[in-house]
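Peer 1: Sequence isn't available, so here's the structure alone:
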């Protein structure tokens, strides 16, 4: 039997390769938008479901994640939550969040994790009751975010927080980068049967214009090279010898930037 009060998550494409996410609690009728890549598209999706936007949960300050904040706030009178570190760079932000903060959507708990690396103030949102993570641009399927403002050490620590979550966690990433990420991963993680199977599945999904997301932590631990710098095949390809995990991670990121 379906629980009528279960949290509802609606994912939809925005801009060229972003995804928008609406999280709706039927009991309280509260609805959160995870980031605001396109205010017009988000409004259409809300209206199609007769949902009222009450929360905006920003992961970081980049325009394709916070660019719709002011338009949506003006229309819906919603509250905007985001990383305290980026308070001056996120339009219209009302509530400053930091590591360990807990907010609620109806009766559902949302935990804040600080994940600097892609930006200095990036945060992600984890729903422990549902085992769902909204990863922003920290983690992609078979990839991770570019280090625009942070260091390899910061990003590796951030990814470690995600890797410590339950393996059955469902992960909603903010961009459709999966096929390109897989092509890079195949270049450094040869003979990974899980990666090859995922490659075929992802190619089929994209050929049908279907999303490869969400992903799961269990899958990413098997196929994502940024979570597997110590895997023997990857270390051998990198020629890393006895170098430390962090050095290998940094080299993977450097190679992906040039791929």
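Peer 2: That came through fine. Everything numeric here is computed off the predicted structure, so don't read it as measured data.
Peer 1: Which neighbouring elements make contact with the least confident helix or strand in the chain by mean pLDDT?
Peer 2: Ranked by mean pLDDT, DSSP states H and E, the helix or strand of the chain with the weakest confidence is helix 232-238, at a mean of 90. Packing partners of helix 232-238 (3 or more CB pairs under 8 Å, 6 or more residues apart in numbering; DSSP states H and E): helix 178-188, helix 245-258. (Glycine included, C-beta is placed from N, CA and C.)
Peer 1: Pull out the buried residues from the last one.
Peer 2: In other words, helix 245-258. For helix 245-258, burial by neighbour count (16 or more other CB atoms under 10 Å) applies to 248, 249, 250, 251, 252, 253, 256.
Peer 1: Also the first one?
Peer 2: Of the residues in helix 178-188, those scored as buried under the neighbour-count criterion (16+ other CB under 10 Å) are 178, 180, 181, 182, 184, 185, 186, 188.
Peer 1: what ranges do the strands span in the chain?
Peer 2: For the chain, strands defined by DSSP state E occupy the ranges 8-14, 18-25, 30-34, 55-57, 79-83, 95-97, 102-105, 108-114, 123-127, 132-136, 139-140, 143-144, 170-173, 215-216.
Peer 1: contacting residues around the fifth one?
Peer 2: Looking back up the chat, that one is strand 79-83. By CB atoms under 8 Å, 6 or more residues apart in numbering, the surrounding residues in contact with strand 79-83 are 54-61, 66, 69, 73, 90-98, 103, 114, 121-123.
Peer 1: List only buried entries from those residues.
Peer 2: For the contacts of strand 79-83, a burial check counting by 16+ other CB under 10 Å picks out 54-61, 66, 69, 73, 90-93, 97, 103, 114, 121-123.
Peer 1: Report the separation between residue 199 and residue 146.
Peer 2: Using CB to CB, to the nearest Å, one gets 22 Å for the distance from residue 199 to residue 146.
Peer 1: out of these two, which sits in the more crowded spot?
Peer 2: More neighbours surround residue 199 than the other of residue 199 and residue 146, with 19 against 15 (other CB atoms under 10 Å).
Peer 1: if I pick the more buried one, what's in contact with it?
Peer 2: Neighbouring residues of residue 199 by CB under 8 Å, 6+ apart: 182, 186.
Peer 1: at 6 Å instead, please
Peer 2: Taking CB atoms under 6 Å, 6 or more residues apart in numbering as the definition of contact, the neighbours of residue 199 are residue 182.
Peer 1: still on that earlier bit, can you list the strands of the chain in TSV and add mean pLDDT?
Peer 2: Formatted as TSV, the entries for the strands of the chain read as follows, by pLDDT from 0 to 100:
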stretch	mean pLDDT
strand 8-14	97
strand 18-25	98
strand 30-34	98
strand 55-57	98
strand 79-83	98
strand 95-97	98
strand 102-105	97
strand 108-114	98
strand 123-127	98
strand 132-136	98
strand 139-140	98
strand 143-144	98
strand 170-173	98
strand 215-216	98
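Peer 1: looking at the ones you listed, which is closest to residue 156?
Peer 2: Ranking the strands of the chain by distance to residue 156, with CB to CB as the measure, places strand 143-144 first at 9.3 Å.
Peer 1: What about residue 124, how many residues nearby?
Peer 2: Residue 124 is surrounded by 26 other residues when neighbours are defined as other CB under 10 Å.
Peer 1: bridging residues for it?
Peer 2: residue 113 (DSSP bridges).
Peer 1: Correct me if wrong: it contacts residue 114.
Peer 2: No - using CB atoms under 6 Å as the test, residue 124 is too far from residue 114 to be in contact (8.4 Å).
Peer 1: Any chance of the helices and strands packed on helix 232-238 in CSV with distance to residue 215 and mean pLDDT as columns?
Peer 2: As requested, these are arranged in CSV below (distance: least, CB to CB, whole Å; pLDDT from 0 to 100):
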stretch, distance to residue 215, mean pLDDT
helix 178-188, 8, 97
helix 245-258, 17, 95
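Peer 1: Using a markdown table, please lay out these together with distance to residue 169.
Peer 2: Below are those laid out as a markdown table (distance: least, CB to CB, whole Å):
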| stretch | distance to residue 169 |
| --- | --- |
| helix 178-188 | 17 |
| helix 245-258 | 21 |
